[in-house]
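> sequence plus the predicted model coming up.
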Amino acid sequence: MSDQKFVMAIDQGTTSSRAIIFNHAGEIVSIGQQEFTQIFPNPGWVEHDPKEIWESVRAVVADALHKADINRHSLAAVGITNQRETTVVWDKTTGEPVYNAIVWQDTRTAAITRELAGDKGMDRYRDICGLPLATYFSGPKVKWILDNVEGAREKAEAGDLLFGNTDSWVVWNLTGGVNGGVHVTDVTNASRTMLMDLRTLQWREDICADMGIPMSMLPAIKSSAEVYGYGAPNSLLIDTPVSAILGDQQAATFGQACFSKGMAKNTYGTGCFMLMNTGTEPVFSENGLLTTVCYKIGEEAAVYALEGSIAVAGSLVQWLRDNLGMIEKSSDVRKLAETVEDNGGVYFVPAFSGLFAPYWRDDARGAIVGLTRYVNKGHIARAVEESTAFQSREVLDAMNADSGVPLTELKVDGGMTHDDLVMQFQADLCGVDVVRPKVIETTALGAAYAAGIAVGFWSGTEDVIANWQEGKRWTPAMDQAEVDRTYRLWKKAVTRTFDWVDEDVK
């Protein structure tokens, strides 16, 4: 294809929607971005308005096209990447959501997960879907909506309701909505629902029955790179092939060219997510990690990954900004943290949504420990910065134990990789080089690559590897005794967050 053609990625994230246009070299041509409302109806509850999400997608598509000074005719394809597990249920005849989207961070389904576990335990379905019973995943969220929204279960059983993560919601609207919209998802998103068999890549009717979810609600499961449909007349992308869907963390793994078994990346976004390619056979963790589908290109075999999921990373900086007003903008946190030499003995465990990997404790809540009169807001900021690196070190330890092959370097991406303090501390803690690519928007880039491969704009993964370029590298520099001391204190701090939620504490 001509170099005058481009690929657009729609990145429907947790706090904003973005559209990014890439050229054939994998370089950014333009970006449109729009934040949307975060809704917190009760402690532990996190929601989004699906209609606002769709409007934000339309707005950023228009913005990106305008900034690039092109129109849809210059696009070879569009790929979708999305916040995973965030659950949308909508009426297929009206296009109206029956309830707000329940976000992946939401903890309201804790009682449902324990009820489903019964005497079989929280790992009841792990051998099938690779996931423990946890509030994180989509299936229990669908059950909550059907159980708690008036009339929803009756409509669902009549075949009138559809369910999907935000990828399905965006694609359905993009391809026509009530006028012929395509109801699909890909294997990576399906693997985050608790409803898909990892080996067969098909929905499990027995698990759906356990959760009271009619099969008619579910999207068709497709590969991560194929043409699902075309932009509808009501979109700005009319007749453009919609040819990739990848959950955001899998898309980042793809964009980082982690195509060989044992390669891994860590994405620093709202949460923090480390994925290691384990090849074409699923590896089931013994150390608190998730087994997930990494990607599937067309008819090729699915590739799997181990994943360590951390609920709170960049969102802790936002909390410091929005809830405490300690900084005016997120980028100010580094400047504040650098006003002190160290954390002053303070450790911040941000278990706002419980603890994800490797603990899976929905009874945990956030804690700041080690406070003395010596401590000032600079120490708090530094503890905020360091918490993401500490959590990532725990995940890396689990990944090394599960894989049996210690990582020799860690590829990183996401907004926090602009912060040298965090990245240097990450290298120090993990004892390996931390490497950032030249293009750090790897989530959108991965979706763009998959979409372009599906339509022949790129020939295959070899083009992704050829385009990848190192941008910056951090090398461990901290004394090992200090690393061991501060990591030991972090682990001690984590234990202080356990068992906070009980019958009287919400």
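Alright, I've got the coordinates. Numbering: from 1, shown residues only.
> hey, let's count contacts and neighbours off CA atoms from now on
Will do.
> count the neighbours of residue 475 for me.
Residue 475 has 17 neighbours, counted by other Cα atoms under 10 Å.
> how many other residues sit next to residue 9?
Residues contacting residue 9 under the criterion other Cα under 10 Å number 29.
> for it, list each beta-bridge partner.
When assigned by DSSP bridges, residue 9 has beta-bridge partners residue 20, residue 79.
> for the nearest residue to residue 44 once chain neighbours are set aside, phi and psi?
Leaving out its chain neighbours, the residue that sits closest to residue 44 by Cα to Cα, 6 or more residues apart in numbering is residue 107, at 5.3 Å. Note on residue 107: its backbone torsions stand at phi -110, psi 10 [degrees, to the nearest 10].
> contacting residues for residue 107?
Each residue near residue 107 by Cα atoms under 8 Å, 6 or more residues apart in numbering is listed here: 44, 45, 135, 136, 353, 354, 362.
> so which two of these are the farthest from each other?
45 and 362 (12.8 Å; Cα to Cα).
> from residue 420, how far off is the closest residue to residue 340 other than its chain neighbours?
The shortest distance from residue 340 to any non-neighbouring residue, by Cα to Cα, 6+ apart, is to residue 378 (5.9 Å). Distance of residue 378 to residue 420, given as Cα to Cα, to the nearest Å: 16 Å.
> the more surrounded of those two?
residue 378 (22 against 12).
> tell me the confidence at that one?
Note on residue 378: pLDDT of 94.
> buried ones in stretch 138-155?
By 16 or more other Cα atoms under 10 Å, the buried positions in stretch 138-155 come out as 138, 139, 140, 141, 142, 143, 144, 145, 146, 152, 153.
> list just the nearest of those residues to residue 277.
Distance ranking of the buried residues of stretch 138-155 against residue 277, using Cα to Cα, places residue 138 first at 23.1 Å.
> that closest one contacts residue 85, correct?
Yes. In this structure, residue 138 is within contact of residue 85 by Cα atoms under 8 Å, at 4.8 Å.
> contacts only, for the residue nearest to residue 340.
Here residue 378 is in contact with 336, 337, 338, 339, 340 (Cα under 8 Å, 6+ apart).
> can you map out the strands along the stretch 351-500 of the chain?
In the stretch 351-500 of the chain, the segments counted as strands under DSSP state E, counting those that start in this stretch are 367-369, 409-413, 433-437, 470-474.
> so which elements touch the second one?
It stands for strand 409-413. Using 3 or more Cα pairs under 8 Å, 6 or more residues apart in numbering; DSSP states H and E as the contact test, the elements touching strand 409-413 are strand 264-268, strand 433-437.
> please convert those strands to a markdown table, extending it with distance to residue 318.
Below are the helices and strands packed on strand 409-413 laid out as a markdown table (distance: least, Cα to Cα, whole Å):
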| stretch | distance to residue 318 |
| --- | --- |
| strand 264-268 | 13 |
| strand 433-437 | 23 |
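> out of the ones you listed, which comes closest to residue 501?
Per Cα to Cα, nearest to residue 501 of the helices and strands packed on strand 409-413: strand 264-268, 27.4 Å.
> could you pull out the helices for the stretch 101-250 of the chain?
Shown for the stretch 101-250 of the chain, the helices assigned by DSSP state H, counting those that start in this stretch span residues 110-117, 126-129, 138-148, 152-157, 166-174, 187-190, 205-211, 248-255.
> name the residues contacting each of residue 138 and residue 85.
104, 165, 192, 193.
> what's the separation between the third one and residue 39?
Taking Cα to Cα as the measure, residue 192 and residue 39 are separated by 22 Å.
> so the two - more neighbours on which side?
Per other Cα under 10 Å, whichever of residue 192 and residue 39 has more neighbours is residue 192, with 25 against 15.
> contacts only, for the more buried one.
84, 85, 131, 137, 138, 292.
> ok, residue 56 to residue 323 distance?
In terms of Cα to Cα, residue 56 sits 24 Å off from residue 323.
> now swap in residue 376 and tell me
From residue 376 over to residue 323 the distance is 17 Å, taken as Cα to Cα.
> more neighbours, those two?
Between residue 376 and residue 323, counted using other Cα under 10 Å, residue 376 has the larger neighbour count: 15 against 10.
> so where's the stretch 1-150 of the chain uncertain?
1-3 (pLDDT under 70).
> for it, what spans make up the strands?
Ranges of strands within the stretch 1-150 of the chain are 6-12, 16-22, 28-35, 47-48, 75-82, 87-91, 101-102, based on DSSP E, counting those that start in this stretch.
> which other helices and strands contact the second one?
Read it as strand 16-22. Using 3+ Cα pairs under 8 Å, 6+ apart, strand 16-22 sits against strand 6-12, strand 28-35, helix 50-68, helix 442-455.
> can I get these in CSV including distance to residue 209?
Listed next are those as CSV, based on distance: least, Cα to Cα, whole Å:
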stretch, distance to residue 209
strand 6-12, 30
strand 28-35, 37
helix 50-68, 26
helix 442-455, 33
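> ok, which of these comes nearest residue 186?
helix 442-455 (11.9 Å).
> rounded mean pLDDT for the closest one, please.
Mean pLDDT, computed over helix 442-455, is 95.
> sorry, back to before: with distance to residue 384 as extra columns, can I get the helices of the stretch 101-250 of the chain in JSON lines?
Below are the helices of the stretch 101-250 of the chain laid out as JSON lines (distance: least, Cα to Cα, whole Å):
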{"stretch": "helix 110-117", "distance to residue 384": "26"}
{"stretch": "helix 126-129", "distance to residue 384": "32"}
{"stretch": "helix 138-148", "distance to residue 384": "29"}
{"stretch": "helix 152-157", "distance to residue 384": "41"}
{"stretch": "helix 166-174", "distance to residue 384": "29"}
{"stretch": "helix 187-190", "distance to residue 384": "30"}
{"stretch": "helix 205-211", "distance to residue 384": "37"}
{"stretch": "helix 248-255", "distance to residue 384": "22"}
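> of all those, which one is nearest residue 93?
Closest approach to residue 93 among those (Cα to Cα): helix 152-157, 11.0 Å.
> tell me which residues are up against the closest one.
98, 145, 146, 147, 161, 162, 214, 216, 217.
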